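S.K.: Using only what follows, build the 3D model:
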Amino acid sequence: SSDLAYIHNHLQSTQNSFGLAACVPVPSAPDATLNPAQKWTWFQQKQALASFSGEWDFAPGWTAAVKYGYSWHERPYLSPGSIQILNGRGDTRLSPVAIDSGYEMHSALATVRGKFDTGPVAHEVTAGYSWDLMTYDAAPNRSVGAYFSNLYAPVYAAEPRIAAAGPRRKTFESRSSGVSFSDQLSILDGRLSFLAGGRRAMIDYDSFNNVTGAQTLDQKNAKTTPAFAVFAKPTAATMLYANYVKGLERGGTAPATAVNANEVMPAIETRQIEIGAKAEFGGLTATAALFEIEKGYEYLYASNRYVQDGKQVHRGVEFLLSGDVTTGVRLIGGVTLLDPKTKNTGSSATEGKKPIGVSDVGAALYGEYDLPWVEGMTLQSGLYYGSAQYVDADNTQSIPDWVRWDLGLRYTTDVLGNQATLRAGVENVLG
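M.R.: Next up is the predicted model:
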């Protein structure tokens, strides 16, 4: 099978993220009809995507599969840069910057899956190899000065002159590959299963100065990580499970508007432990789980520098319910309770604090209703909640809890013998 796509987006008067000056409380949100961005800021993105995949059943119970993906992105834009809120009155300082960047990515995956028995034990084995290459290039950023405005009464300045873009040079290249193997062993007709596996991951980074082209970083990372899981099915409609997984993930890349734009963070080890139960009844599926997730902690610091600062640990419990309530009515909802903390930050000011942008409580309820009087028409609605969260690493500045209500329509029909889907929606109906 294959998929091809081309996407071209152009946005005018674009906003970027907001930052807070030290000791400034978070002001209330402005009216959603106001746009504090300058009218001459814009963002353009061109994307070409292609993917190909195939499978070969080369023996009874055995399948080989290959996948390849390619993507090309080009992103010239005039960004408002970091919009810093200066005081509780909503006064802001904008530092627009012209950016011309793009990247290419290749990825490939090859796997072999097979089933066989050894006495009373059934095996499902999977072996795989993955590879990807990402190359990012950019021209030097071009600053266009500073502008002062206000969240609640925007001040629109005249469009500035912008210097012509210089040549785009490669700023970083990442290569990753991995070899993996797992075996799921089952007994008692599949009512009890145990999975054991591992992965050898390798991630290499090269960074370059986009003015001189000189190499500034040559980073190589390799790690062998395990994966274990156990599944028990007391009845046909219930399941208990537990898993433990480690991994090696890429470090983040500083955004183009940061003072260390395009700097690549080191790769970091991740860990997840989860214990849960699942039950099916009356067309619905209910899940409850306890979990602990450990991953890298990266964020844009107050000085507008992107940093990797130790790790963040998310301990929590999650409840989910999904399925068909009745004919034509589908629901999915859940609640997550978290106790997030930072660790190994190297600073007493940030150690043991809550990670930026993480809520203690999150909830969502999404539903669909197939309108009986219009064939193919579906009404969609979603209600989402997040509790208060901090916006700085020291946990001195926070935003309150929030609720969002979305509405939409989906219409599926036949066009020249092919299925077509039309969608329309409003996000944050209540503004």
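
S.K.: Just the strands from the stretch 301-431 of the chain, written as ranges.
M.R.: Applying DSSP state E, counting those that start in this stretch to the stretch 301-431 of the chain gives strands spanning 306-326, 329-343, 361-370, 377-386, 389-390, 398-399, 402-415, 418-426.

S.K.: Adding mean pLDDT, distance to H73 and mean neighbour count as columns, could you present those strands in JSON lines?
M.R.: Every residue, glycine included, has its C-beta placed from N, CA and C. Formatted as JSON lines, the strands of the stretch 301-431 of the chain follow (pLDDT from 0 to 100; distance: least, C-beta to C-beta, whole Å; neighbours: other C-beta atoms under 10 Å):
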{"stretch": "strand 306-326", "mean pLDDT": "92", "distance to H73": "20", "mean neighbour count": "17"}
{"stretch": "strand 329-343", "mean pLDDT": "96", "distance to H73": "31", "mean neighbour count": "16"}
{"stretch": "strand 361-370", "mean pLDDT": "97", "distance to H73": "30", "mean neighbour count": "16"}
{"stretch": "strand 377-386", "mean pLDDT": "96", "distance to H73": "29", "mean neighbour count": "16"}
{"stretch": "strand 389-390", "mean pLDDT": "93", "distance to H73": "30", "mean neighbour count": "20"}
{"stretch": "strand 398-399", "mean pLDDT": "90", "distance to H73": "31", "mean neighbour count": "14"}
{"stretch": "strand 402-415", "mean pLDDT": "94", "distance to H73": "27", "mean neighbour count": "13"}
{"stretch": "strand 418-426", "mean pLDDT": "91", "distance to H73": "24", "mean neighbour count": "10"}
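
S.K.: In a markdown table: those, plus distance to V24.
M.R.: Converted to a markdown table, the strands of the stretch 301-431 of the chain look like this (distance: least, C-beta to C-beta, whole Å):
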| stretch | distance to V24 |
| --- | --- |
| strand 306-326 | 20 |
| strand 329-343 | 22 |
| strand 361-370 | 26 |
| strand 377-386 | 22 |
| strand 389-390 | 14 |
| strand 398-399 | 12 |
| strand 402-415 | 20 |
| strand 418-426 | 32 |
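
S.K.: Figure out which of those is closest to N16.
M.R.: Shortest distance between N16 and these, using C-beta to C-beta, is found for strand 306-326: 13.6 Å.

S.K.: Which elements pack onto the closest one?
M.R.: strand 284-300, strand 329-343 (3 or more C-beta pairs under 8 Å, 6 or more residues apart in numbering; DSSP states H and E).

S.K.: can you redo these as a markdown table with distance to R410?
M.R.: Formatted as a markdown table, the helices and strands packed on strand 306-326 follow (distance: least, C-beta to C-beta, whole Å):
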| stretch | distance to R410 |
| --- | --- |
| strand 284-300 | 22 |
| strand 329-343 | 12 |
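
S.K.: closest one to R142 among those strands?
M.R.: Closest to R142 of the helices and strands packed on strand 306-326, according to C-beta to C-beta: strand 284-300, at 20.6 Å.

S.K.: That closest one relative to strand 306-326, how many degrees between them?
M.R.: Inter-element angle recorded for strand 284-300 and strand 306-326: 160 degrees (by axes from the mean of the first three to the mean of the last three C-alpha atoms, to 10 degrees).

S.K.: gap between T212 and N16?
M.R.: Distance, T212 to N16, using C-beta to C-beta, to the nearest Å: 27 Å.

S.K.: Among the two, which residue is more densely surrounded?
M.R.: With neighbours defined as other C-beta atoms under 10 Å, T212 and N16 compare such that N16 has more, 21 against 9.

S.K.: Which strand or helix spans the more buried one?
M.R.: For N16, there is no host helix or strand (DSSP states H and E).

S.K.: So that it lines up with my notes, have the first residue be 89 from now on.
M.R.: Okay, residue one is now 89; in that scheme the one you just asked about reads as N104.

S.K.: Contacts only, for it.
M.R.: Applying C-beta atoms under 8 Å, 6 or more residues apart in numbering to N104 gives the contacts A125, S167, P168, G169, S170, I171, T345.

S.K.: From S170, how far out is it?
M.R.: Per C-beta to C-beta, N104 is found 7 Å from S170.

S.K.: go on, D188?
M.R.: Computed as C-beta to C-beta, the D188 to S170 distance reads 18 Å.

S.K.: Next: A330.
M.R.: 44 Å.

S.K.: Looking at these two, which is more packed in?
M.R.: A side-by-side neighbour count of A330 and S170, using other C-beta under 10 Å, places S170 first with 20 against 15.
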